[in-house]
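> Here is my input, please return the structure:
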Amino acid sequence: MAKLYFYYASMNAGKSSHLLQADFNYRERGMRTMLWTAALDSRSAGMVRSRIGLESEAHRFHPDTDLQAEVATVYATAPLDCVLVDEAQFLDPKQVWQLARLADEAGVPVLCYGLRTDFQGELFPGSAVLLGIADALVELKAVCHCGRKATMNLRVDASGKAVRQGQQTEIGGNDRYVALCRKHFSQALAG
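Next comes the predicted model:
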C-alpha cells in the first residue's frame with residue numbers, strides 16, 4: 001500500500017538534497033518519478049536545488065494546480081513509481097488531500113518535503129494538513145549554533161537582526177533565515 005510521507009525540518013536541514021537522493025534511488029532502479037516544487041519560490045525556476053549543489057528539473061505547482069489531475073495525466077501514459085514534492089509547506093490544504101488520494105487510490109507513494117513552521121513559529125497551512133493526515137512523519141535534523149537540534153526558522157533583516165512581523169511567506173535563504181533551537185529563537189525574538 002502506497003503512503004503519503006511528510007519529511008519536515010527547519011531551514012538548512014537538507015530537505016531538498018534528501019528529496020533528490022530519494023529521486024535518484026528510484027531512477028537508478030529504472031523507476032519513474034515526478035518532481036514538484038512551488039512556483040511561489042522564484043529562485044527555483046522549475047528546479048529542485050540543494051545547497052550542496054544537487055539539482056533536478058521539476059514541475060511547478062501554484063495554489064490552484066490540481067496535483068491529482070496533473071499526475072493522473074502523466075500516469076495515464078506510463079505508470080509512476082513515486083511523486084516527490086519540495087517546498088510542501090506552500091501546498092494548499094486541498095492539494096495535500098489530492099496527494100493523499102494519489103497514494104490511496106492510484107497506489108503511488110508521495111514524498112513531501114517542507115518546513116513545519118514559519119518565522120513566528122506558526123504552522124504553514126500545507127504543513128498543518130500534512131502533519132494531520134500523512135501516513136509517516138519524518139523529522140530531518142538541522143543544528144543550531146549551540147549544537148542543539150534546530151527546529152525554528154528565524155527571519156532576519158539585512159543587518160542580521162530578528163524580524164518579528166510580516167507576511168508568513170517571504171522567499172529567502174541564508175540571507176533571510178537562520179535555523180535555531182527553540183531557546184535561541186525565543187531569545188532572538190525577545191532581544
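
> Which secondary structure state is assigned to residue 178?
strand (DSSP: H, G, I helix; E, B strand; the rest coil).

> What separation do you get for the residue in the chain sticking out farthest from the centre and residue 56?
Here the chain reaches farthest from its C-alpha mean at residue 191, the gap being 29.4 Å by C-alpha atoms, centre = their mean. Using C-beta to C-beta, to the nearest Å, we find residue 191 at a distance of 39 Å from residue 56. Using the backbone N, CA and C atoms, a C-beta is placed for each residue, glycine as well.

> before we move on, what about residue 139?
Taken as C-beta to C-beta, the span from residue 139 to residue 56 is 23 Å.

> Equivalent analysis for residue 155, please.
Residue 155 is 28 Å from residue 56, by C-beta to C-beta.

> What of residue 153?
Taken as C-beta to C-beta, the span from residue 153 to residue 56 is 24 Å.

> residue ranges of the helices in this protein, please?
Assigned helices in the chain, in chain order: 15-28, 67-77, 93-101, 125-133, 182-190 (criterion: DSSP state H).

> coming back round to it: which residue sits closest to the residue farthest from the centre of the chain, ignoring its sequence neighbours?
Computed as C-beta to C-beta, 6 or more residues apart in numbering, the closest residue to residue 191 that is not its neighbour in sequence is residue 162, at 6.4 Å.

> Alright, that wraps it up for me.
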